[in-house]
Structures are given as C-alpha cells and as structure tokens.
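>>> Give me a model of this one.
(chains A and B)
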Amino acid sequence: MSTVTVLTRTGRAEWGRIWSVRSSWAFVGAITVAVVGVGTLMGYDASGDPAGVPPGASAWDAGRQTAMFALFGITAMSVVTGAADDGTGGIVPTLQWTPRRGVLLAARAGVIAATASVLALVLVASASVVVWLFVPESGLPVRAGAEMLAGLGLVFGCGALLGVGLALVTRSTAAGLVSVLALMLVLPLLLAQLGYPWAVTVAAHLPGAGALFLVFGEGPSDDMTTTSARLTLAAWAVAALAGGGWRLLRTDANR
Amino acid sequence: MISVRSLSKQYGSVRAVDGVSFDVEPGKVTGFLGPNGAGKSTTMRVVMGLDRPTSGTATIHGRRYVDLAAPLREVGALLDAGAMHPGRTGRAHLRIGARSNGIARSRVEEVIAEVGLGKAAGRRIKGYSLGMRQRLGIAAALLGDPPVLLFDEPVNGLDLDGVRWVRTLLRGFADEGRTVLVSSHLMSEMQLIADRVVIIGRGRLIADADIDQVLRGLGGQRVRVRTPRADALGQLLADRGVVERTAPGELEVTGLPASEIGDLAHARGVPVHHLAEVEQSLEHAYLSLTEDSVDYHGRPAEPIANGATR
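Numbering: from 1, shown residues only, chains lettered A, B, ... in the order given. Have a look, this model is predicted:
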C-alpha cells in the first residue's frame, strides 16, 4: 500500500477528528463573530461618512484590519486541536490506527493548517464583503482581493503550523496556548516597549512581529521588510513543527 | 504469531522489561500474567509500537507494528480503555478509526452491535462507565476483523454478563485460529479461558508454558488426607513424599498418588476420613511463581482499638 494512500486515509481521519468535537465548532463560532462582527462595525461606521474613505482604498483594506483577530483565533484553534490527542490520551488509539508517525505528522499538520487557513481567509473575505455592502463606493476589486488574500494565506498558514508544532512540543493544551500567546502577542509587545536595541531586535524576530508587519505593514523595528517578516514567520513555523515532529517521532507516546 | 525477542525497555533508571522472549501462537488464548509493575503493559505497548524498545524486537507475523500500513486489518488491541477523547461520541471515535484504515462505515455499526453499545454509541464518551469504555475499546479492536488480538485487562469494569461475553469472545477468536494475547489479574478467569500463560515479574520472564504445565509444575499433584492419627500417618508417608500439616488432623502430601496413600494407611491400620486430590488453581501457581517478584506488597490493616479513631 502506497504512502499516498495511507496519508490520504490519515488525512480523512484527521478531518473527522477536528469536526467530531465541540471545541472546533466553538472556535469557528467565536472567530466568525469576532472577524465578521468587527467587519460589520467597521462597515457600519464607514457608511455614515462614505466620503471619508481614503482615495484608492477598497473594502479589502478594511477587511485586512480583521486579519489579526482571525490569526489569533486559528492559531489557538490549531493548538487546541493539535494537543487534544495528547491531552486526553487519545494518542494511544491514534497511533494504533496510524503507527507511521511521519505520516501522522504530515496529515495532522497539513489538515489543521489547511482547515484553519481556509477558515480565516473565508472570514476575512466575508468581513471585506460586509464592509463593501455598507459602503459600495469603496469598491471590491478582484485583483486586489486576490493579492491580499494570498499574502494573508501565508500568515495564516504559518500561524496554524506554529500552533500545531507548539501543541506537539508541549503535548498540553494549556502550555501550548501560553507559548503561542507569548510568542505572538506578549513578547513582541513587551520587548519592543523596553527601549533597548537588543530587545527591539529580538522582538522583530518573533513570529508575532512578523505577522503584525505582514498584516499592517508595521513592526517593532524599522529594519523589517516583507521578506524578513515572511522569513521570520516561516522559520518559527518550521522550527516549531520540527520540534513537535521530533517529539512525536522519537519519543514514547502518552508518557 | 506475535514474537518477542530479548525485549528490554528502560524508563530512566527503571528497567521495566528486561530481556523478555516469548511467542504467542495462533489458535490459542495466551494469558499474560504478572504482578503490578511487572512490565505487562509496557511489553504490550512496545508490541503495538507506542513505546520504542531499548533493545530487542517485537514483531507480528515477522513485521514490526509500526511498519503496518493498515494495522487494524492485521492487529486489534485494547490497551487503555480510558485513553480516548471524552468529547467525542463512541460512534465518531470508531468512524475515525475506520477512516484511518480504509474500513467501510457499515462495519462501524456492525461492531457497535457486536459489543452491545447500542444507543450509547451516539453519546459522548465522557458519559460512559468504565465497562462501556471497555466495550468501545473492544469494538475498535474488532473494526478490521484482525487475525491478531491483544487485550490489556479487558474485563476491568465489566459486569458478570460482560465478563462472560468477553470469555466467549476470546475463546471464539482462538477457536477460529486467531492469535489472542490477554493480560488479566483475574486468575480464575485466566484459568477458564487461557490455553497458555506467559508470566513475568520485575520485567523478567518467569514462565512460558501451557496452563496444564504450569499447574503441574508446582511440585506435582497434592493429596489431602484427614485422619485422627495424623502424626502416625505423617511419619509413615514422610519417607515417600513431602508431607505438610495443614490443620489439626489434616495433611497435604506431594509426590504420592491418593491410591498409594490409601493403601499404605489401610495396611498400617490408620483410619482415613477423607482422601482426595487437591484441585490445582492457577492462582496458587501464579502466587507461587511470582512470590519473589512482587514490587508492591499490601499488608493487612491493623485493627482499631475500641474507642480509637484513625
């Protein structure tokens, strides 16, 4: 039996794991409310003064403002989903059913990251459409939307992979959430505020700073570029996944 | 066939399994026995690829479990009934297992019916009793209708009806020619269903034999004799076998058949009120074999004096 077949079956099983527990649906509900809700409020606010829309701006720009809500939501969802097996002992039947751990790692990371990223992109696009419905004058050019969503896709994908990786490293929902919150939000903000050059440099190399730069074009350091931000975010995602993969592949299950 | 060869597993400073080798043959129920902490569960976890052996191998039909592409079709196992996501329904749990091994969804309903979960399959696992979780775990083991089955304490938490069901199930699997390895602390249960036993203690193999051999291996058949002249009969038999005074007027003799004891007593005019072979039990054999291998001993609680409180 080919590895592709095993990977496909394992991917289908991972899909089933995500949607057979309430927490996933709760995350979808909460992220939807946050992202589309903020988009609605932004659209409602702008509808009172359509002339206030900056020249050249489109509804996509307003939708982009909701991306950080989506990013935090799906990253947390990825941690909770990725750590569920280890937190509940479910890793025992999982590894009995899929003993090829490399295949399990690929399927788990791929399915969770793809699901979370698509969810976030759909919600950000929905928020943009909602803004456009309130302010049709803002426009909704297809090309600009495609470019924005492509850029955000990388951010969401890396955020979700970071979440899965940290979940596999920590094997704990609580520890995974604390880690991801520190790396994405707390440390970038606090270090940047310290004022020391080294602290700003460190902050600029944390995944949260990379995501912030790619979403808003601003970061803790003036030296940041789109390329450096992408590399920072991708490197953290790869490193977390490598650490989680090492733990899954090389250590005993549920110990 | 499950083959374990020179298997060792070290957790930090603790050697949980130490050079264990045995085979589990098809067509038999093989009981896996040992005191708490003996290394039974660890051995099963290594066989199932959950833990990496420090040295040695564990194979199923010559292949490591981790190399199996569709393991549920080759090996079914219940290792820890509590190890399931509590927020999932029993049916969803089984469907995920079926999906991961390319098993038809209809098979899920078949095993649900087979283990008697019925309507409970639609409820979340966190609401299950231990017995229901055991049934769900057994259902998962049966999903792929595998030729090899491993069960770690499968009757824990089951009611009498459930125990009888598991007994029939395991016996039936062995009679179909499947390989069945089952660990249990219930010696009476093992004596009823096991054809062969593997006993380990402190991580080492103590016995690997047919159950009859284990029972016979206790120093031979024992005979209980009750007589008002126990001292005289004891002296008479002492040269021919091992005699033990078990109660006033009662002896247990090892190494002599009941007929010979009766003839000797009759020839010397010693009255005998009771003469019978002592039924050998696996529990007795097990305790005898593992008495030096128990890590965790209990002791009777001390009586509380009148008026005292703990």
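
>>> Please count neighbours and contacts with C-alpha atoms only from this point.
Fine.

>>> And chain B, what are its domain boundaries?
Residue ranges for the domains of chain B, per automatic domain parsing: B:2-214, B:222-279.

>>> touching chain A at all, the first one?
Yes - Domain B:2-214 reaches chain A (CA under 8 Å from any CA of the partner chain) through B:48-52, B:65-72, B:77, B:80, B:82-89, B:92, B:96-97, B:99-102.

>>> returning to that earlier point: from the domains of chain B, which stretch is densest packed?
Of these, the one with the most neighbours on average (mean count of other CA atoms under 10 Å in any protein chain shown) is domain B:2-214, at a mean of 20.

>>> Distance across that domain, terminal residue to terminal residue?
One end of domain B:2-214 to the other measures 21 Å (CA to CA, to the nearest Å).

>>> Tell me how confident the model is about it, as a mean pLDDT.
Domain B:2-214 carries an average pLDDT of 92.

>>> Quick check, the residue in the stretch 151-255 of chain A closest to chain B?
A:Asp252 (4.5 Å; CA to the nearest CA).

>>> give me the element the closest residue to A:Leu7 other than its chain neighbours is part of.
Take A:Leu7 and drop its neighbours on the chain: the residue closest to it by CA to CA, 6 or more residues apart in numbering or on different chains is A:Val103, 5.8 Å away. Per DSSP states H and E, A:Val103 falls inside helix A:101-134.

>>> ok now that helix, how far from the chain's centre?
Averaging C-alpha positions (CA atoms, centre = their mean, to the nearest Å) puts helix A:101-134 8 Å from its chain's average.

>>> Show me what secondary structure element comes after it.
Remark: after helix A:101-134, the chain's next helix or strand is helix A:142-170, criterion DSSP H and E.

>>> in that following helix, what's buried?
A:145, A:148-149, A:152-170 (16 or more other CA atoms under 10 Å in any protein chain shown).

>>> is that helix anywhere near chain B?
No - Helix A:142-170 lies apart from chain B when judged by CA under 8 Å from any CA; the minimum separation is 15.7 Å.

>>> elements contacting that helix?
Counting contacts by 3 or more CA pairs under 8 Å, 6 or more residues apart in numbering or on different chains; DSSP states H and E, helix A:142-170 packs against helix A:59-64, helix A:67-88, helix A:101-134, helix A:173-181, helix A:207-216, helix A:226-250.

>>> buried stuff in the first one?
Counting neighbours by 16+ other CA under 10 Å, one finds that the buried residues in helix A:59-64 are A:Ala59, A:Trp60, A:Asp61, A:Ala62, A:Gly63, A:Arg64.

>>> pLDDT and distance to A:Glu137 for these - can I get that in a markdown table?
Output for the buried residues of helix A:59-64, formatted as a markdown table (pLDDT from 0 to 100; distance: CA to CA, whole Å):
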| residue | pLDDT | distance to A:Glu137 |
| --- | --- | --- |
| A:Ala59 | 89 | 9 |
| A:Trp60 | 91 | 12 |
| A:Asp61 | 89 | 13 |
| A:Ala62 | 86 | 13 |
| A:Gly63 | 88 | 15 |
| A:Arg64 | 90 | 17 |
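
>>> filter the residues you listed down to the ones near chain B?
By CA under 8 Å from any CA, no member of the buried residues of helix A:59-64 lies near chain B.

>>> for A:Ala116, what are its contacts?
A:Ala116 is in contact with A:Ile74, A:Thr75, A:Met77, A:Ser78, A:Phe156, A:Gly157, A:Ala160, counting by CA atoms under 8 Å, 6 or more residues apart in numbering or on different chains.

>>> which secondary structure elements does the helix or strand A:Thr94 falls within contact?
If you go by DSSP H and E, A:Thr94 is part of helix A:91-97. Under the contact definition 3+ CA pairs under 8 Å, 6+ apart, helix A:91-97 sits against helix B:90-100.

>>> if we go to 10 Å?
The helices and strands touching helix A:91-97, judged by 3 or more CA pairs under 10 Å, 6 or more residues apart in numbering or on different chains; DSSP states H and E, are helix A:3-19, helix A:67-88, helix A:101-134, strand B:75-78, helix B:90-100, helix B:130-142.

>>> so can I have JSON lines of those showing distance to B:Val214?
JSON lines is the format used below for those (distance: least, CA to CA, whole Å):
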{"stretch": "helix A:3-19", "distance to B:Val214": "44"}
{"stretch": "helix A:67-88", "distance to B:Val214": "40"}
{"stretch": "helix A:101-134", "distance to B:Val214": "40"}
{"stretch": "strand B:75-78", "distance to B:Val214": "26"}
{"stretch": "helix B:90-100", "distance to B:Val214": "38"}
{"stretch": "helix B:130-142", "distance to B:Val214": "29"}
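
>>> and of the ones you listed, who's closest to B:Leu33?
With distances scored as CA to CA, the stretch of those nearest to B:Leu33 is strand B:75-78 (16.1 Å).

>>> who does the closest one pair up with?
strand B:148-152 (parallel) (DSSP bridges).

>>> Now A:Pro99. Nearest residue, chain neighbours left out?
B:Val66 (4.8 Å).

>>> quick one: the helices in the stretch 201-310 of chain B?
Here the stretch 201-310 of chain B has its helices, by DSSP state H, counting those that start in this stretch, at B:211-216, B:230-238, B:258-267, B:282-290.

>>> Distance to A:Met1 added to the ones you listed, as CSV?
As requested, the helices of the stretch 201-310 of chain B are exported to CSV (distance: least, CA to CA, whole Å):
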stretch, distance to A:Met1
helix B:211-216, 40
helix B:230-238, 68
helix B:258-267, 62
helix B:282-290, 44
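
>>> Out of those helices, the one nearest A:Gly176 is which?
helix B:282-290 (43.9 Å).

>>> Provide the contact partners of that closest one at residue level.
Contacts to helix B:282-290, defined as CA atoms under 10 Å, 6 or more residues apart in numbering or on different chains, come from residues B:33-35, B:38, B:185-192, B:197, B:199-202, B:206-207, B:211-212, B:214-218, B:293-294.

>>> please redo it, this time with the cut-off set to 8 Å
Taking CA under 8 Å, 6+ apart as the rule, helix B:282-290 contacts B:34-35, B:187-188, B:190-191, B:199-201, B:206-207, B:211, B:214-215, B:218.

>>> will you turn the contacts of A:Ala116 into a markdown table that also has distance to A:Ala175 and pLDDT?
Listed next are the contacts of A:Ala116 as a markdown table, based on distance: CA to CA, whole Å; pLDDT from 0 to 100:
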| residue | distance to A:Ala175 | pLDDT |
| --- | --- | --- |
| A:Ile74 | 17 | 97 |
| A:Thr75 | 14 | 96 |
| A:Met77 | 14 | 97 |
| A:Ser78 | 13 | 97 |
| A:Phe156 | 21 | 97 |
| A:Gly157 | 21 | 97 |
| A:Ala160 | 16 | 97 |
